[in-house]
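1. have a look at this prediction, sequence included:
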Amino acid sequence: MTTAPTRAQVRRWRRNLADERAEAAVYRDLARKRTGEEREILLALAEAEGRHEAHWLDLLGDDVGHPRPGALRSRVLGWLARTFGGVFVLALAQRAEARSTYEDDVDATPAMAADERIHEEVVRGLATRGRTRLSGTFRAAVFGANDGLVSNLALILGIGASGASNHTVLLSGLAGLLAGALSMGAGEFISIRSQRELLEASAPDPEAASAIPHLDVDANELALVYRARGMDAREAEEQARKVVATYSTSTVLAPAPTDDLESHGTAWGAALSSFCFFASGALIPVLPYLCGLQGLAAVVVAAALVGLALSLTGAAVGLLSGTSPLTRALRQVAIGFGAAAVTYVLGLVFGATVG
């Protein structure tokens with residue numbers, strides 16, 4: 001004789017059913033915005049969530065009731081998937097899979113708990129693809145904007161605390177914006193150009209391959225090339241003999257790809273991006289002064305605007321990395337305000353000394 005489920009069990013099963021339906025819908029919505037293998041993977045995840053849905057339907061039987069909405073976070077995630085898609089939604093989906101309670105749910109099967117754990121890794125893999133595609137631009141955006149926010153707020157507070165006039169503070173802020181943005185742009189230009197030059201220097205000379213047919217097979221110096229690239233002596237000799245025996249100018253000296261010149265982008269593009277990202281951040285603490293605010297009011301508004309901007313960039317980093325947006329936002333604010341507080345105190349000290 002089967003014991004009738006309690007009301008608490010029925011509520012929990014209905015909630016799990018609604019969440020499974022919502023998660024399956026998220027994956028289907030994400031799949032609509034993708035093609036190829038990624039689309040197939042997302043549809044397979046939706047199908048797996050459908051199997052979990054069937055489990056709760058079987059348990060509920062006649063108690064299934066009217067369809068319920070999923071948890072608020074699942075509904076928000078569904079709206080984001082339908083509206084935007086992208087790596088940020090995948091990162092949120094990864095966090096959602098990590099919060100699965102099936103391992104502690106006596107009514108969920110071990111296979112379901114294992115599925116959820118594996119789903120987290122599948123979504124992590126998909127999100128990692130997006131993170132890799134986005135990492136260079138995103139790093140430049142966050143680093144440049146944060147640098148502009150913090151450095152210019154610190155500069156303005158330090159100059160203001162020293163007793164300088166509003167006009168001086170405004171000019172200092174604008175000068176800091178321009179100097180910092182130019183420095184960021186120049187630094188990024190040099191960094192990208194230097195990286196490309198190093199990679200180009202490591203690429204084989206295409207003319208070297210033409211010498212291979214004339215090498216002495218018994219004193220094969222081609223083996224030294226492979227030894228220089230990390231093979232041991234025996235492997236290098238075998239590879240060299242094989243290459244001479246099956247000579248091909250297109251492949252013989254091409255090393256295994258360790259980096260892609262194109263992945264670094266153009267130096268001018270990187271420089272312009274860094275300039276703009278820094279300038280956009282550095283402009284924010286200057287805005288109150290440009291709008292005519294003075295004294296404490298300008299300081300408070302500048303700090304509030306910078307705090308909001310730091311929170312947004314910190315939360316974005318948290319979302320992208322699959323960690324807590326709130327924690328990352330608070331960390332960004334604490335670091336930024338800490339640096340600004342130090343310069344403010346120094347400005348007070350030097351202002352009092354000069355005075």
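-> Cool, the structure landed. Keep in mind the model is a prediction, meaning the values are calculated, not measured.

2. which strands and helices sit next to the helix or strand residue 125 falls within?
-> If you go by DSSP states H and E, residue 125 is part of helix 110-161. Other helices and strands packing on helix 110-161, by 3 or more CB pairs under 8 Å, 6 or more residues apart in numbering; DSSP states H and E, are helix 36-60, helix 86-98, helix 166-202, helix 267-283, helix 295-321, helix 325-354. C-beta: built from backbone N, CA, C; applies to glycine.

3. out of those helices, the one nearest residue 109 is which?
-> Distance to residue 109, taken as CB to CB, is lowest for helix 36-60 among the helices and strands packed on helix 110-161, at 6.8 Å.

4. who's in contact with the nearest residue to residue 297 once chain neighbours are set aside?
-> Take residue 297 and drop its neighbours on the chain: the residue closest to it by CB to CB, 6 or more residues apart in numbering is residue 288, 7.4 Å away. With contact set as CB atoms under 8 Å, 6 or more residues apart in numbering, residue 288 has these partners: 297-298, 301-302, 305.

5. now whatever helix or strand residue 288 lives in, how far from the centre of its chain.
-> Residue 288 is located in helix 287-290, with elements delineated by DSSP H and E. Centre-to-centre, helix 287-290 and its host chain are 32 Å apart (CA atoms, centre = their mean, to the nearest Å).

6. now swap in stretch 165-180 and tell me
-> Offset of stretch 165-180 from its chain centre (CA atoms, centre = their mean): 32 Å.

7. go ahead and confirm residue 27 touches residue 46.
-> Yes. In terms of CB atoms under 8 Å, residue 27 counts as a neighbour of residue 46; the distance is 3.9 Å.

8. what residues sit buried inside the helix holding residue 288?
-> Of the residues in helix 287-290, 288-289 count as buried by neighbour count, 16 or more other CB atoms under 10 Å.

9. any low-confidence regions in the chain?
-> In the predicted model, the chain carries pLDDT under 70 at residues 1-2, 84-85, 131-140, 197-222, 244-265, 320-323, 351-355.

10. show me how it divides into domains.
-> Following the assignment in automatic domain parsing, the chain carries domains at 7-132, 134-199+266-354, 204-245.

11. coming back round to it: what's the angle between the helix holding residue 125 and helix 36-60?
-> Interaxial angle of helix 110-161 relative to helix 36-60 (axes from the mean of the first three to the mean of the last three CA atoms, to 10 degrees): 120 degrees.

12. got the angle for helix 110-161 vs helix 267-283?
-> Using the same axes, to 10 degrees, the inter-axis angle of helix 110-161 relative to helix 267-283 is 70 degrees.

13. pull the distance from helix 110-161 to the chain's centre.
-> Remark: helix 110-161 is offset 4 Å from the chain centroid, using CA atoms, centre = their mean.
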